[in-house]
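>>> fold the stuff below for me.
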Amino acid sequence: MTYVTLSLVFLAIAAAVLTVALATARDRRSLLSRWWLPALATAIALTVLTAVFDNVMIATGLMVYEPVHLAGILIGAAPLEDFAYPAAALLLLPAVWLLLGRLGGKGADADE
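Okay, the predicted model is just below:
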């Protein structure tokens, strides 16, 4: 299995959970209008942090990748595949928050 395949699996699962969470949210339109700017800012911050710290970890030898399993696109020394995990977390965390908030009667779509 290549790192690209593994990354796509993680992204697909995260996207599916977010889709379910948003599809069942009562105030989906309000959520999307409130969340797009914080999500964009978080995505930028995660991308920069991933680029910096992955390059440091690879340069110091903490992480080593088998070149045959990589797509071949590098950002510094970090493979492009490394950026899929923070992206998956960015999709998954709000989705789980929405879904768990409904279980307790609290959360983003609960009546205040």
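
>>> only C-alpha atoms from now on, for both contacts and neighbour counts.
Noted.

>>> what helices or strands is the one helix or strand residue 35 maps to leaning on?
According to DSSP states H and E, residue 35 maps onto helix 28-59. Packing contacts for helix 28-59, counted by 3 or more Cα pairs under 8 Å, 6 or more residues apart in numbering; DSSP states H and E, involve strand 78-79, helix 84-103.

>>> run the chain-centre distance for the longest one.
Offset of helix 84-103 from its chain centre (Cα atoms, centre = their mean, to the nearest Å): 8 Å.

>>> and what of the shortest one?
Counting by Cα atoms, centre = their mean, strand 78-79 is centred 16 Å from the centre of its parent chain.

>>> how about stretch 29-43?
The answer for stretch 29-43 is 14 Å, by Cα atoms, centre = their mean.

>>> with stretch 11-23 instead?
The answer for stretch 11-23 is 11 Å, by Cα atoms, centre = their mean.

>>> circling back: okay, buried residues for the helix holding residue 35 please.
Using 16 or more other Cα atoms under 10 Å as the test for burial, helix 28-59 gives 43, 46, 47, 50, 51, 54, 55, 56, 58.

>>> nearest residue to the fourth one in space, please, no chain neighbours.
Across the structure, with Cα to Cα, 6 or more residues apart in numbering as the measure, the residue nearest residue 50 apart from its sequence neighbours is residue 83 (6.7 Å).

>>> understood, closing this out.
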